[in-house]
Structures are given as C-alpha cells and as structure tokens.
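Colleague: I'd like to go over a predicted model; first the sequence, then the structure.
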Amino acid sequence: GVRNARVGMRSSENVLEAARVSGATRVVRSLARPPVRFVHPSPGGDAALVVASALGGGMLEGDDYRFNINVRQNAKLLFAPQSNTRVFPCPGGAVTRQTVDGTVYADGLLVCGGDPVVPYAASRFVQTQRWVLHPGARLVVFDWMVAGRLERGERFGFTDYENVVRVVSPQGRPLLVDAQRLDASTAGGTARPQNGM
C-alpha cells in the first residue's frame, strides 16, 4: 500500500466557485494558494474557463494539493490543467497527494480535466476525487495517466499510483466509483530511477 510518510510537504488549499450571473457563467470565488495558481481566460459565450497550474512544473515529493469546486445552478465551467501533471520522484518514501471535492448543482455543467498525470520513476501518487451531483447536473471528467518519461526509457517506473473517483447524489448515494491502484510490481516497473536519473 501507499505509505503516509512526510517530507518537506507543500500544502495548497484551493477554492473555485462558478455561478450564473446576468445570463452567463462567472467565476464568483477563486482562491489559489502557491504553488498552485488559477488563470481565468475569457472563452466567450456563457461558460467560464479556469486553468490550473503549479509553479515549478510539477508536484514534488510530499506535496498535498486540495481543490474545492462548486458549480452553481445553471452555471457552466471548464476546469483544466495547464499541461501534464508531472509527479516527481519520491526518494524519501513520502506520498504526493491531490484531492478534489466538487459539487455541481441543478442543471449545472462541469467539464474537468485535460492533460494526463505523468508519474515519474520512483514517484508515489494518490489522487482522490469526490463529486456530488444534484438533479439535472452534468459532469464530464477526463482522467488519465501515461507511462512516464518515455523519451528517457521509463515504462511505468513509478513506485505507487492510486486514483479513486467517486460520484454521489446529494444524499450520499453512490452513483459511480472507479478505483485504480498500481504499484511497481503490478505495473511492471521498478522502484529505482532509470537511465541515470
């Protein structure tokens, strides 16, 4: 299993809320704590777009990023990463974590995701997503992972990778649970950095 050791962790609590205002969706609350930042391009139309990035180009060992996302009634939000979510090696044995808690209210729409998670060799990554869907709400989640730095010869060289997505009703009734847990032995990888990294 994935251990809970901690080293030099960067904790980041982030809040995002979109609501329907004067016929279009507006971001009414946006709080990103470094190293995370939010960018708000103007896509036009009646939807809002928020792009998330992290200073330093990826997640370091022990990082703990948390996102709370609310899409109010009739609002439409696209929330996407700026690029791949790179998870750097964890030589100290600590776990890198990302947690998303979101609610989409009646007749709201949230499209979440885009580029993949890229767990580097010897990385340990746990991601948990919990979404609450109200009646008429729509949720699209793009959630995928690639093998690592392929150009450097990595082939699923991470130590641990865990991703759990839960979708529930406002009463807590499960609508969807999708869990993936891999370690170096099941993924065919190695716990050691490859190619002199």
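Modeller: Yep, that arrived.
Colleague: Run through the bridge partners of the residue nearest to residue 102 when sequence neighbours are not counted.
Modeller: Once flanking residues are discounted, residue 102 sits nearest to residue 69: 3.9 Å by CB to CB, 6 or more residues apart in numbering. In this view, the C-beta of every residue, glycine as well, is placed from N, C-alpha and C. As for beta bridges, residue 69 partners with residue 16, residue 102 under DSSP bridges.
Colleague: so residue 69 makes contact with residue 108?
Modeller: No - counting by CB atoms under 8 Å, residue 69 sits too far from residue 108 to count as a contact (10.9 Å).
Colleague: Which one's more surrounded, these two?
Modeller: More crowded of residue 69 and residue 108, by other CB atoms under 10 Å: residue 108, with 25 against 21.
Colleague: Tell me the pLDDT of the more buried one.
Modeller: Note on residue 108: pLDDT of 98.
Colleague: so how many other residues sit close to the residue lying closest to it once chain neighbours are set aside?
Modeller: Counting by CB to CB, 6+ apart, residue 71 is the residue found nearest to residue 108 once chain neighbours are left out, at 4.2 Å. Neighbour count of residue 71, defined by other CB under 10 Å: 29.
Colleague: Quick check: residue 71 touching residue 77?
Modeller: Yes - in this structure, residue 71 is within contact of residue 77 by CB under 8 Å, at 5.0 Å.
Colleague: Now list whatever residues contact both of these two.
Modeller: Residues touching both residue 71 and residue 77 (CB atoms under 8 Å, 6 or more residues apart in numbering) are 18, 108-110.
Colleague: Alright, calling it a day.
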